[in-house]
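Engineer: Give me the fold of what follows.
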Amino acid sequence: MEILVQIPDDIAERLQAEGVDLPRRLLECLAAESYRAEILTAAEIRRMLGFQTRLETDAFLKRERCYLHYTEEDFQQDIETLRRLSLLPSGGRQEG
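Structural biologist: Okay, the predicted model is just below:
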């Protein structure tokens with residue numbers, strides 16, 4: 001899909017003079033905001049921006065300060081998984 005965006009000529013010229021690739025930057029901004037809002041996944045961002053690897057996607061998300069959607073529930077589930085795998089001691093404090 002193509003989208004037409006109207007920007008005043010003087011502003012567009014100034015941005016382009018600074019080396020900004022306006023179409024690409026607008027696409028990146030849309031991708032970043034859509035990820036932050038949990039509308040798009042990292043895999044969809046990768047497709048949208050034409051990245052070849054997950055590492056490129058992760059680097060983009062980091063650069064745009066888009067952090068993983070990691071909840072308290074995710075954390076608790078990870079703790080439980082580590083305990084099941086005996087990679088983390090069971091709850092409670094041990095005095096030594």
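
Engineer: CA only for contacts and neighbour counts going forward, please
Structural biologist: Noted.

Engineer: any idea how far residue 18 lies from residue 40?
Structural biologist: Taking CA to CA, to the nearest Å as the measure, residue 18 falls 29 Å from residue 40.

Engineer: Between these two, which has more neighbouring residues?
Structural biologist: A count of neighbours by other CA atoms under 10 Å puts residue 40 above the other of residue 18 and residue 40, at 15 against 9.

Engineer: Other residues contacting stretch 21-32?
Structural biologist: Applying CA atoms under 8 Å, 6 or more residues apart in numbering, the contact partners of stretch 21-32 are 12, 15, 16, 40, 45, 48, 49, 61, 64, 66.

Engineer: try it again with 10 Å
Structural biologist: By CA atoms under 10 Å, 6 or more residues apart in numbering, the surrounding residues in contact with stretch 21-32 are 3-5, 12, 15-16, 20, 34-42, 44-46, 48-49, 60-66.

Engineer: of the residues you listed, buried ones?
Structural biologist: Buried subset of the contacts of stretch 21-32 (neighbour count, 16 or more other CA atoms under 10 Å): 35, 36, 42, 45, 46, 60, 61, 66.
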